[in-house]
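In: A structural model of the following input is requested.
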Amino acid sequence: NPPTAEDAFYGVGTAKKQNPSLAKKTATARARDEIAQAVNVKVSTMLKDFMQESGVGDNAQALEFTESVSKQVASQALAGSTILKTEVGKDGTFYVLVSYSLANAIDASINEAKKEEVLYNEFKARQGFDALEKELGKLDTAP
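Out: Numbering: from 1, shown residues only. This next block holds a predicted model:
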């Protein structure tokens, strides 16, 4: 059971492998995956519900079909995540507790927003230069 706090995210990962190093890496990756989904996850879901009835009275027959599909994708840079605790169970299962501070999450979001702003400004500047070159090209061809 991971701890809870208002200033951090926690994730627990488990893995049981023949190779202890691979087990620890897998458990750590799973713990970080848990945090990434808590910080930022895109969920796509679809529910199809089909009902049909034909016939009259006692001769009526009904058909019903329901399908549910869900997909979750998380993509989050977890710079500054920390392995707090690693334990190995009696059966060889590795348990890893990872923390990720809310301050790091906020900093990462701010940095990502700044990158987006820089890219947008660069795009707008390029558009301006392209427009200038186009206008200068018109001047060169003027009689």
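
In: for T26, what are its contacts?
Out: Neighbour list for T26: 13, 15, 17, 94 [criterion: C-beta atoms under 8 Å, 6 or more residues apart in numbering]. Using the backbone N, CA and C atoms, a C-beta is placed for each residue, glycine as well.

In: one more time with 7 Å
Out: For T26, the set of contacting residues under the criterion of C-beta atoms under 7 Å, 6 or more residues apart in numbering consists of 15, 17.

In: With A29 instead?
Out: With contacts defined as C-beta under 7 Å, 6+ apart, A29 is in contact with G13.

In: now the host helix or strand of it, how far from the chain's geometric center?
Out: Here A29 sits within helix 20-39, counting by DSSP states H and E. Distance of helix 20-39 from its chain centroid, counting by C-alpha atoms, centre = their mean, to the nearest Å, is 14 Å.

In: Centroid-nearest residue for this protein?
Out: Closest to where the C-alpha atoms of the chain average out (C-alpha atoms, centre = their mean) is A74, at 1.4 Å.

In: I'd say that residue and I35 touch.
Out: No - in terms of C-beta atoms under 7 Å, A74 does not count as a neighbour of I35; the distance is 9.0 Å.
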